[in-house]
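J.: Kindly return the folded structure for what I paste below:
(one chain, ligands or ions: 3)
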Amino acid sequence: MDKTEFDLIKSYFAPLTSNYPEAYSLTNDAALISEDPDRSTVVTMDTLVEGIHFFSTDPAEDIARKSLRVNLSDLAAMGAKPKGYTLSISYNASITSEWVKAFTKSLAVDQEAFECHLLGGDTVSTPGPLTIAITCFGSVPRGKCLHRTTGQEGDDVWVSGTIGDSAVGLKLLKKEIKTDNSRAETFLIDRFRIPQPRTLLGIALLERDISQTALDVSDGLLADVNHIAEGSNLQARIISSRIPLSKSFQNVLKNTLDQGIQLAATGGDDYEILFTTKPKNKEKVIELSEELNIPITRIGALTQGKGTLLLDKNNNEIPITRSGWKHF
Ligand SMILES: Nc1ncnc2c1ncn2[C@@H]1O[C@H](COP(=O)(O)OP(=O)(O)OP(=O)(O)O)[C@@H](O)[C@H]1O
Ligand SMILES: Cc1ncc(C[n+]2csc(CCOP(=O)(O)O)c2C)c(N)n1
Ligand SMILES: [Mg+2]
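T.: Numbering: from 1, shown residues only. Ligands and ions are numbered 1, 2, ... in the order given. Now for the predicted structure:
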């Protein structure tokens, strides 16, 4: 690294606070967050570690986007509007100032797109892998948010976007599978590297009272829906044929689609919103899907019982050995 930590902060990080005066251009020890009496602040954090969450060969721009966007996805799952974030980077010896320049340039673009600002952070060195930790702040109407524990018996289970693209993108990057369809390959790898937080969907679900129960799919669809099942003391019944798969996913896995659906249901890194609603809200969900131009698919329901079942067309349970990512 040819710059000191103070040079990095001044050259690359301070400009990211330019639309947030209470960060004082990173010249103080900390920043302020002014409170709005009508809103509650939502806070979440996610840490990304090289080799665990991304590859050292991923472009700096994509590592930046992924670090911020996985946090924005958590805010969306709470129904929150993004506001700002703090950023801690543990640099190892392979990181150059050119890398930091590309990383912060990409953050600037996302800040604009998602209307959130850098508030502060921390800069350290590490003998270990590059590690990026972001704490993100957002806001909701005072005291109101989407929960994991409020599912009701008879609720429909819905999911945004398509599921499983990232898991296939990861397998392509790891060369565990191959395809000669280069357009599909690029699409799937982009889905792995560049999550699309469903910010407007989360806000609309909460503010229009369409749903009170949601989370974002990060570990794996079945593992994550099970948080809602467990938290709500109910059983989630997911119909395997209803899980939305992209054309690229289907094309690349066309010879092994049965295993492919299991990969989609458990692979993780989707960053789509999974939510439940009363069946009477079906039309509102369909209207919202059209308004936001995001596919939203009904994939199952909550019933009396325990746990999460993946069901085939004949309502028989499909056995699953691993429902999602586990760090240990
Ligand atoms: N080390 C920790 N200390 C305090 N709270 C934690 C810690 N780890 C997780 N949590 C809290 O536990 C809850 C669940 O966190 P978890 O990381 O499993 O969910 P998530 O962030 O939605 O998933 P993912 O990390 O896969 O995106 C959150 O409320 C989170 O703030
Ligand atoms: C290089 C590489 N190998 C494997 C994966 C898969 N992966 C890692 S963590 C995680 C769950 C979400 O993380 P967390 O629970 O920490 O938020 C998933 C699906 C990846 N993203 N990158
Ligand atoms: Mg987390």
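
J.: tell me which element the residue of the stretch 151-300 of the chain found nearest ligand 2 falls in.
T.: Closest approach between the stretch 151-300 of the chain and ligand 2, counting by C-beta to the nearest ligand atom: residue 268, at 2.9 Å. (C-beta placed from N, C-alpha, C; glycine too.) Following DSSP states H and E, one finds residue 268 outside all helices and strands.

J.: quick one, helices of the stretch 51-200 of the chain?
T.: In the stretch 51-200 of the chain, helices defined by DSSP state H, counting those that start in this stretch lie at 60-78, 97-114, 165-173, 182-193, 199-207, listed in chain order.

J.: Against residue 163, how distant is residue 269?
T.: 10 Å (C-beta to C-beta, to the nearest Å).

J.: Settle it for me: which of these two has more neighbours?
T.: Counting neighbours by other C-beta atoms under 10 Å for residue 269 and for residue 163 shows that residue 163 has the greater number, 28 against 23.

J.: The more buried one - nearest residue in space that isn't next to it in sequence?
T.: Distance criterion C-beta to C-beta, 6 or more residues apart in numbering; nearest residue to residue 163, sequence neighbours excluded, is residue 264 at 4.8 Å.

J.: pretty sure the one you found is touching residue 161, no?
T.: No: Residue 264 is beyond contact range of residue 161, at 11.6 Å (criterion: C-beta atoms under 8 Å).

J.: what about these two, which has more around it?
T.: Neighbours per residue, other C-beta under 10 Å: of residue 264 and residue 161, the larger number sits with residue 264, 27 against 20.

J.: So for that one, what's the pLDDT?
T.: At residue 264, the predicted lDDT confidence score is 98.

J.: State the helix or strand in which it lies.
T.: With DSSP H and E as the test, residue 264 turns up in helix 257-266.

J.: got the contact list for that helix?
T.: Helix 257-266 is contacted from outside by 163-164, 167-168, 171, 220-223, 238, 240-241, 243, 245, 249-250, 253, 310, 318, 320, 322-324, using C-beta atoms under 8 Å, 6 or more residues apart in numbering.

J.: try 6 Å
T.: Under the contact criterion C-beta atoms under 6 Å, 6 or more residues apart in numbering, helix 257-266 has outside partners 163-164, 167, 220-222, 240, 243, 253, 310, 322-324.

J.: one step back: packed most tightly, which of the helices of the stretch 51-200 of the chain would that be?
T.: Per residue and on average, the most neighbours among the helices of the stretch 51-200 of the chain fall to helix 60-78, with a mean of 25 (mean count of other C-beta atoms under 10 Å).

J.: what's the neighbour count on the closest residue to residue 116 other than its chain neighbours?
T.: The spatial neighbour of residue 116 that comes closest, neighbours along the chain excluded (C-beta to C-beta, 6+ apart), is residue 82 at 3.9 Å. When neighbours are defined as other C-beta under 10 Å, residue 82 has 24 of them.

J.: just checking, residue 82 touches residue 138?
T.: Yes: taking C-beta atoms under 6 Å as the contact criterion, residue 82 and residue 138 are neighbours in contact, 4.9 Å apart.

J.: what touches both of these two?
T.: Counting by C-beta under 6 Å, 6+ apart, the shared contacts of residue 82 and residue 138 are residue 75.

J.: residues from the stretch 51-200 of the chain in reach of ligand 1?
T.: By C-beta under 6 Å from any ligand atom, the residues of the stretch 51-200 of the chain that approach ligand 1 are 70, 74.

J.: Write out the residues of the stretch 201-328 of the chain neighbouring ligand 1.
T.: Residues of the stretch 201-328 of the chain lying near ligand 1 by C-beta under 6 Å from any ligand atom: 218, 219.

J.: Quick check, the residue in the stretch 201-328 of the chain closest to ligand 1?
T.: residue 218 (3.4 Å).

J.: I'd guess that residue is in a helix, am I close?
T.: No: with DSSP: H, G, I helix; E, B strand; the rest coil as the criterion, residue 218 is located in coil rather than a helix.

J.: Nearest the middle, which residue of the chain would you pick?
T.: Taking C-alpha atoms, centre = their mean, the centroid of the chain lies closest to residue 271, which sits 3.1 Å from it.

J.: May I have the phi/psi pair for that residue?
T.: Residue 271 adopts backbone torsions of phi 50, psi 40, taken as degrees, to the nearest 10.
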